[in-house]
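> sharing a sequence plus its predicted fold:
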Amino acid sequence: MDPKRILLINPNWTGIQNQKQRQFKRLWPPLSLALAAAMMERQGLEVRIIDNQVKGHSPEKIGLLAEKYDRVFVTSTPYDRWQCPSLDIGFFFDTLRHISKDKLCVLGSHVTERPEAILRESGARAAILGEPEQTMLDMACTQYPDDLERIPGLAWLDEGCVKKSADREYMKNMDALPYPAFHLLDMKAYHYFPVMGKSFGILEASRGCPGKCNFCYMGMYGRRVRRKSVDRFLDETEWAVRKMGLKNVYFMDLEFAINKRFVLDFCQGLEDRGLILNWCCQTRVTDMDEEVAQAMAQAGCSLIHFGVEAGTDRILKQTGKGILVKDCYKAVRLCKSFGIRTALFMNFGFPGEHDYEMEATIKLALNLDPDYAAFHLIVPFPGTALADNCGLNPENFPAHQYPHYNFFDHDLEKLKRMLHQAYWKFYLRPRPIFNVLGDMLKNSQNMLFK
Ligand code: SF4
């Protein structure tokens, strides 16, 4: 009998909480699972998504729910963490514990990078490597075990040895993607608090990034930028606003403004269609100029996330980011002048980074004075240039855990103190306090009454 009932699971991220690295408090829909679900529904399959971040089911309950499905797909990495995956995925293995192994397929950044270790540990029938949606659809529609070799982008164990099918090419035509199956998710649950309120969702116009940042994991996207056409993306945004009722949207492209023509046309299109939408995005500081900032502000962009990464040109150069400290000043200043708020990501603990350079990172955050700043410890995720350069051997780590404590030549305790200092110094000032309190007040009302 052909498989008909398909279950997609986004695990509960207890692993992220265990890392004790501060996150903006957020609950975002698993976009890639919603896209795969929409593709499966197009083929007449019956699909359910369990976002266990929302549901919080126990592994036993997940196992029971999974019983009536023919295929079960579980991701180690939601779409919004593809490039910076969680380092402890104990929560992922917990989720799998009671699911029958012969119907189980796993996917995500960790699975892509270490399929053999994860297949052995999980007992899953197949691992989906790289960009997942088309491979998930093929797996949902196929009879296995016979067809595995014919589906590109898979790994599996055959009599104890790992086997792989041909590589899956990245999707070329982004316009061919359906709109995400948000109707299968409890959209009322999602938010980006306190930065944005409810009626929240994430959308993407493009995938890929040509950047060469040595800490960024690109195995799920590839470097070549693939983009929806402006009209197609405007249609999708209009559908999300008018049909799905979204009022707050994060356009989650890795670099939303990398193509100036696209972003100007998109902003103009939002205005022409009268779409009233509070939106944010992430992009590189070098993508910003006056024309872009003005167009984005006019079209409802209220916040931009920038990866500022480090406080000195020496460390920035070492990361391969291709930006300078002065570019960060320019971008943040431009945003402020057009009333766009900013959120900056900064890291500590790069190889060979001196104490005074880390202090320069804190100083830069204070001088730039964005609305939000998030500080993290840099870690070499397997598959990144940073991991390769420091000779990291993932096989030295268990399948569920990535190198939390591989902080090069640094003292971890000192780095943690630096991290705390950064948060204290940044947020214990009148402007950030009022700013965060103001957002909490505004957006908690939005959350209470929606
Ligand atoms: S600019 Fe760098 S950090 Fe940002 S997505 Fe591209 S490679 Fe990753």
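Happy to help now that I have it. Numbers count the residues shown, from 1 in each chain.
> dump the residue contacts of Trp13.
The contact partners of Trp13, by C-beta atoms under 8 Å, 6 or more residues apart in numbering, come to 53, 86, 91. Glycine gets a C-beta too; all of them are placed from N, C-alpha and C.
> number of residues surrounding the second one?
I take that to be Ser86. 26 (other C-beta atoms under 10 Å).
> ok, for the residue nearest in space to the middle of the chain, nearest residue in space, not its chain neighbours?
The residue lying closest to the centre of the chain (C-alpha atoms, centre = their mean) is Asp80, at 1.6 Å. Spatial nearest neighbour of Asp80, chain neighbours left out: Trp28 (5.4 Å); criterion: C-beta to C-beta, 6 or more residues apart in numbering.
> ok, the one you found - contacts?
When contacts are counted by C-beta under 8 Å, 6+ apart, Trp28 touches 78, 80, 190, 192, 200, 202, 250.
> Val54: which element?
Following DSSP states H and E, one finds Val54 within helix 52-55.
> so is stretch 381-400 next to the ligand?
No. Applying C-beta under 6 Å from any ligand atom, one finds stretch 381-400 separated from the ligand by no less than 9.5 Å.
> hmm, back to that, who touches the helix holding Val54?
9-13, 27, 62, 95, 185-186, 189-190.
> quick revisit: isn't the residue nearest to the centre of the chain right next to Glu204, touching?
No. Here Asp80 does not reach Glu204: they are 9.7 Å apart, not a contact under C-beta atoms under 8 Å.
> residues from the protein in reach of the ligand?
83, 209, 211, 213, 216, 254-255, 284, 307, 321.
> what is the least confident helix or strand in the chain?
Least confident helix or strand of the chain, by mean pLDDT, DSSP states H and E, is helix 14-19 with a mean of 47.
> following it, which helix or strand comes up?
helix 31-42.
> OK, contacts around the closest residue to Phe407 other than its chain neighbours?
Excluding the flanking residues, the one nearest Phe407 by C-beta to C-beta, 6+ apart is Gly349, at 5.0 Å. Going by C-beta under 8 Å, 6+ apart, Gly349 touches 358, 377-378, 407-408, 410, 415.
> what mean pLDDT does stretch 389-406 get?
Stretch 389-406 shows a mean pLDDT of 77.
> same check, this time on stretch 122-135
Summarised as a single mean, pLDDT over stretch 122-135 is 96.
> over to the residue of the stretch 1-150 of the chain found nearest the ligand. Which of the three states is it?
Closest residue of the stretch 1-150 of the chain to the ligand, C-beta to the nearest ligand atom: Gln83 (5.4 Å). Here Gln83 is coil, with the state taken from DSSP: H, G, I helix; E, B strand; the rest coil.
> mind listing what it touches?
109, 209, 216-218, 220-221, 254.
> dihedrals phi and psi, it?
phi -90, psi -10 (degrees, to the nearest 10).
> again with the one 5 residues further on
As for Asp88, its main-chain torsions (degrees, to the nearest 10) stand at phi -120, psi 110.
> bridging residues for it?
For Asp88, the beta-bridge partners are Gln401 (DSSP bridges).
> for it, grab the count of nearby residues.
17.
> before we move on, the earlier item: okay, the residue nearest to Asp80: pLDDT?
94.
> cool, Ser199 as well?
Note on Ser199: pLDDT of 93.
> excluding covalently adjacent residues, which one is nearest to it?
Lys247 (4.0 Å).
> any idea how far the one you found lies from Arg42?
Computed with C-beta to C-beta, to the nearest Å, the distance linking Lys247 and Arg42 is 28 Å.
> neighbour-wise, which of these two wins?
The residue with more neighbours, out of Lys247 and Arg42, is Lys247; 18 against 11, by other C-beta under 10 Å.
> contacting residues for the more buried one?
Lys247 neighbours (C-beta under 8 Å, 6+ apart): 197-200, 241, 277-278.
> one more time with 7 Å, if that's ok
199, 277-278 (C-beta atoms under 7 Å, 6 or more residues apart in numbering).
> with Leu316 instead?
Applying C-beta under 7 Å, 6+ apart, the residues near Leu316 are 309-310, 323-325.
> distance between stretch 298-306 and the chain's centre?
Here stretch 298-306 is found 18 Å from its chain centre; the criterion is C-alpha atoms, centre = their mean, to the nearest Å.
> ok, Lys163 - contacts?
155-156.
> quote the end-to-end distance of stretch 270-278.
11 Å (C-alpha to C-alpha, to the nearest Å).
> what do you get for stretch 280-293?
OK, stretch 280-293 end separation, C-alpha to C-alpha: 12 Å.
> which positions within that stretch qualify as buried?
By 16 or more other C-beta atoms under 10 Å, the buried positions in stretch 280-293 come out as 280-288, 292-293.
> picking that back up, so what does the residue nearest to Ser199 have for phi and psi?
phi -120, psi -20.
> that one and the ligand, how far apart?
Distance, Lys247 to the ligand, using C-beta to the nearest ligand atom, to the nearest Å: 27 Å.
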